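Undergrad: A predicted structure for the sequence below; I have some questions about it.
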Protein chains: 2
Amino acid sequence: MSKPITKLESIEKTAIQLFASYGIKQVTIKEIASKSKCSEGALYRHYKSKEEMAWELYKREVEIFGKKLRNILNCGLAFPDKLGSAVELFYKLFDEDQTKFSFILLSKYNFSKSRKIDPGLNPFDLVTDLIKIAVKRNEINIDNPELYSAMILGLVLQPPTFVVSKRIKGKIGNTADAVTRSCLKVLNYKR
Amino acid sequence: MSKPITKLESIEKTAIQLFASYGIKQVTIKEIASKSKCSEGALYRHYKSKEEMAWELYKREVEIFGKKLRNILNCGLAFPDKLGSAVELFYKLFDEDQTKFSFILLSKYNFSKSRKIDPGLNPFDLVTDLIKIAVKRNEINIDNPELYSAMILGLVLQPPTFVVSKRIKGKIGNTADAVTRSCLKVLNYKR
DNA sequence: ATATTATAAGTGAATATTCACTCATTAATT
DNA sequence: AATTAATGAGTGAATATTCACTTATAATAT
């Protein structure tokens, strides 16, 4: 049977979905295989192990997002516009594929500490840098950039997390503006 | 009756510590037993299973915190003082026992959806209520309390999470004020 | 006081279960 | 015919759980 590409895609999509719902450790190869309508062995044609598959999928998705984010943060907009575009991008993509982003948001702590996302593409690092640069340029006025980066990241990430856990119903794209304005207040940004 | 020497305390302390460091699924009974210097069977004198033990410990710790939080939010302070005391309490307790709070912060998504904390003691619900009441009393001016509750919770929770993941070094008790002020800005609180 | 008994808790080897991973076989494609 | 891929029962190591027996403590009786 050689009907390649389509199978892998189905495996990966299923895996992401199950990982997002139940966590990587909780999901078995059997489940992935049966839900994606392929054999258990099929998975091992593409990945060395379940854990490696999970990591590769995680890394891939984070880095795809990281690239988009970097593009926004690199172009020569002013600070509040960069931040606004970033939030908007994130929330738009989140609305488009909640499952994928649940996987990203919730898997973070399930990999060994040695597995690292390239810092140049790690959204956490990108945002922290964004804020540090804005401080240097006097666009915002805060001490302790690490603390404020944490606050901003939490402020932006928690609403989607609440969607995942059903505390917030429906889409959040339309809240991007309000969230951005809240960030700017926290950062003492004066128009 | 009898109340012989008990290793329960030691088992529970060890379990929380290991769960906090490695995650519930990743920790084995063998490890808990050997680290707490008791047998594997001892655990089952007190709990039906590893997973049940993890849940009971999680629930207990969250509810202990929930009670303290409720006490603060119930006494007749004005909104910003309630919020400030709550943040201060949380950060103080976090600094005192980072391990316990790592366990609380990181375990959330490792239980089946049917396991629920009593809403009257669930910190997420308590904070959401706090904000809704403040809106009703015109102490703050926001639409969409769910969204703003999410932002506030994220803003407050992310700094300790960053301590756990070593992005922030040291204690955070001394940041409680700055964090509270940030919350009040987000909520459009006018002195 | 001392002995006796009841009970909760501890022990760890034995057993049951889970689950990632393998591989002999089968099927499709060229 | 040769190659490539898919299959899924089988394997075994890792783990959770059980259980028959032991031990320490507290309660009671003597």
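TA: Received, thanks.
Undergrad: What does the pLDDT read for the closest residue to residue A:158 other than its chain neighbours?
TA: Distance criterion CB to CB, 6 or more residues apart in numbering or on different chains; nearest residue to residue A:158, sequence neighbours excluded, is residue B:154 at 2.6 Å. C-beta coordinates here come from the backbone N, C-alpha and C atoms, glycine included. Among the per-residue scores, residue B:154 shows a pLDDT of 98.
Undergrad: So what's the residue count around residue A:143?
TA: 8 (other CB atoms under 10 Å in any protein chain shown).
Undergrad: typo on my end, residue A:27
TA: 20.
Undergrad: wait, doesn't it sit right on residue A:18?
TA: Yes: assessed by CB atoms under 8 Å, residue A:27 is found in contact with residue A:18 at 4.4 Å.
Undergrad: If you count neighbours, what's buried in stretch A:34-43?
TA: Buried residues in stretch A:34-43, defined by neighbour count with 16 or more other CB atoms under 10 Å in any protein chain shown: A:35, A:36, A:38, A:42, A:43.
Undergrad: Which one of these is nearest to residue B:67?
TA: residue A:35 (41.7 Å; CB to CB).
Undergrad: so who does the nearest residue to that closest one once chain neighbours are set aside touch?
TA: Among residues not flanking residue A:35 along the chain, residue A:14 sits closest, at 4.8 Å (CB to CB, 6+ apart). Each residue near residue A:14 by CB atoms under 8 Å, 6 or more residues apart in numbering or on different chains is listed here: A:32, A:35, A:36.
Undergrad: pLDDT score for residue A:14?
TA: Confidence score, pLDDT, at residue A:14: 93.
Undergrad: Please spell out which residues along the helix or strand hosting it are buried.
TA: Following DSSP states H and E, one finds residue A:14 within helix A:6-22. Within helix A:6-22, the residues that count as buried by 16+ other CB under 10 Å are A:7-8, A:10-12, A:14-20, A:22.
Undergrad: now stretch A:163-183
TA: So, applying 16+ other CB under 10 Å, buried residues of stretch A:163-183: A:163-164, A:167-168, A:172, A:175-176, A:178-183.
Undergrad: correct me, but the residue nearest to residue A:158 touches residue A:150?
TA: No: applying CB under 8 Å as the test, residue B:154 and residue A:150 come out as separate, 9.7 Å apart.
Undergrad: hmm, back to that, distance to DNA strand D, secondary structure and pLDDT for the buried residues of stretch A:163-183 - can I get that in JSON lines?
TA: Output for these, formatted as JSON lines (distance: CB to the nearest atom of the strand, whole Å; DSSP: H, G, I helix; E, B strand; the rest coil; pLDDT from 0 to 100):
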{"residue": "A:163", "distance to DNA strand D": "32", "secondary structure": "helix", "pLDDT": "97"}
{"residue": "A:164", "distance to DNA strand D": "26", "secondary structure": "helix", "pLDDT": "95"}
{"residue": "A:167", "distance to DNA strand D": "30", "secondary structure": "coil", "pLDDT": "96"}
{"residue": "A:168", "distance to DNA strand D": "34", "secondary structure": "coil", "pLDDT": "98"}
{"residue": "A:172", "distance to DNA strand D": "37", "secondary structure": "coil", "pLDDT": "98"}
{"residue": "A:175", "distance to DNA strand D": "41", "secondary structure": "helix", "pLDDT": "98"}
{"residue": "A:176", "distance to DNA strand D": "41", "secondary structure": "helix", "pLDDT": "98"}
{"residue": "A:178", "distance to DNA strand D": "44", "secondary structure": "helix", "pLDDT": "98"}
{"residue": "A:179", "distance to DNA strand D": "40", "secondary structure": "helix", "pLDDT": "98"}
{"residue": "A:180", "distance to DNA strand D": "44", "secondary structure": "helix", "pLDDT": "98"}
{"residue": "A:181", "distance to DNA strand D": "47", "secondary structure": "helix", "pLDDT": "98"}
{"residue": "A:182", "distance to DNA strand D": "42", "secondary structure": "helix", "pLDDT": "98"}
{"residue": "A:183", "distance to DNA strand D": "42", "secondary structure": "helix", "pLDDT": "98"}
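Undergrad: got the residues you listed as TSV, with distance to chain B columns?
TA: Formatted as TSV, those follow (distance: CB to the nearest CB, whole Å):
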residue	distance to chain B
A:163	9
A:164	9
A:167	7
A:168	5
A:172	8
A:175	5
A:176	11
A:178	7
A:179	7
A:180	11
A:181	9
A:182	4
A:183	9
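Undergrad: picking up where we left off before, how about the helix holding residue A:14, does it get close to DNA strand C?
TA: No: applying CB under 7 Å from any atom of the strand, one finds helix A:6-22 separated from DNA strand C by no less than 10.4 Å.
Undergrad: after that helix comes which helix or strand?
TA: Next helix or strand after helix A:6-22 toward the C-terminus (DSSP H and E): helix A:29-35.
Undergrad: other SSEs contacting the helix or strand just after that following helix?
TA: Downstream of helix A:29-35, the next assigned helix or strand under DSSP H and E is helix A:40-46. Applying 3 or more CB pairs under 8 Å, 6 or more residues apart in numbering or on different chains; DSSP states H and E, one finds that helix A:40-46 contacts helix A:6-22, helix A:29-35, helix A:50-74.
Undergrad: so for helix A:40-46, what's the average pLDDT?
TA: 90.
Undergrad: Name the residues that touch it?
TA: For helix A:40-46, contacts defined as CB under 8 Å, 6+ apart pick out A:7, A:8, A:11, A:29, A:30, A:32, A:33, A:50, A:53.
Undergrad: Could you identify the most distant pair in those?
TA: Of all pairs in the contacts of helix A:40-46, the most separated under CB to CB is A:8 and A:30 at 18.1 Å.
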